[in-house]
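In: Output the structure for:
(one chain, ligands or ions: 2)
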Amino acid sequence: SKPIVAIVGRPNVGKSTLFNTLAGERISIVKDTPGVTRDRIYAEVSWLDKNFTMIDTGGIEPESKDIILSQMREQAQIAIDTADVIMFIVDVRQGLQDADSKVADMLRRSKKPVVLVVNKVDDFNKMMADVYEFYNLGIGDPHPVSASGKLGLGDMLDEVISHF
Ligand code: GDP
Ligand code: MG
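Out: Ligands and ions are numbered 1, 2, ... in the order given. Here you go, the predicted model:
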């Protein structure tokens, strides 16, 4: 069966935007999973000659900081247990946060392939310097993207499918 790619990250980093962008016509969506009507969490994605199932692990996202980390740990654990590749999304505008580091530690220990995606890099000329701090997470090269601006997605997807 097809590889599973799970999207994890803090609330508001742009997981659902990235998911919807990748699931949209632009990058060749195949179909929605039957039975999932309202908030789609599964999508079939094709990139080059590779097909995979993408999962948005972020569901109802809490406002309270106390709950955020425990929910992120749960989501990361589900991704570790079920995914072949994990896309870990961070937000260049908010910068490196403590919860990012804690989840990165979990992902690193899991030994699963992780693609570190730095979202909201809406201007690759002006914002690239801010991308480099995410090297400190110790989970590999940060891949700058703008999910809403549809920038950097090809290079990011090349990295994702290189792990299949
Ligand atoms: P999630 O909670 O991680 O699923 O995040 P959402 O996808 O709901 O996005 C949270 C907010 O970030 C929304 O207001 C999005 O419009 C915004 N957002 C998402 N991607 C980008 C991006 O590439 N650039 C900018 N500037 N905003 C973005
Ligand atoms: Mg979401």
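
In: Every contact and neighbour count from this point should use C-alpha atoms.
Out: OK.

In: what's next to stretch 78-87, contact-wise?
Out: 3-8, 57, 107, 110, 112-117, 160, 163-164 (Cα atoms under 8 Å, 6 or more residues apart in numbering).

In: what comes up buried for that stretch?
Out: 79-80, 83-87 (16 or more other Cα atoms under 10 Å).

In: Now list the buried members of the contacts of stretch 78-87.
Out: 3-8, 57, 107, 112-117, 160.

In: which of the residues you listed has the weakest pLDDT?
Out: Lowest in pLDDT among the buried ones among the contacts of stretch 78-87 is T57, which has 78.

In: so it sits right up against I41, yeah?
Out: Yes - look at T57 against I41 with Cα atoms under 8 Å: they come within range, at 7.2 Å.

In: Which neighbours do the two have in common?
Out: With Cα under 8 Å, 6+ apart as the test, T57 and I41 reach no residue in common.

In: Spell out, range by range, the helices that occur in the chain.
Out: Secondary structure of the chain, counting by DSSP state H: helices at 15-23, 65-82, 98-110, 128-131, 153-161.

In: Residue numbers of this protein in contact with ligand 1?
Out: 11-17, 119-120, 122, 146-149 (Cα under 6 Å from any ligand atom).

In: where does the chain dip in pLDDT?
Out: For the chain, applying pLDDT under 70 flags the ranges 25-40, 58-63.

In: Run a quick neighbour tally on the residue found closest to K50 once you drop the neighbours it is linked to in the chain.
Out: Excluding the flanking residues, the one nearest K50 by Cα to Cα, 6 or more residues apart in numbering is I161, at 6.9 Å. For I161, the neighbour count with other Cα atoms under 10 Å is 18.
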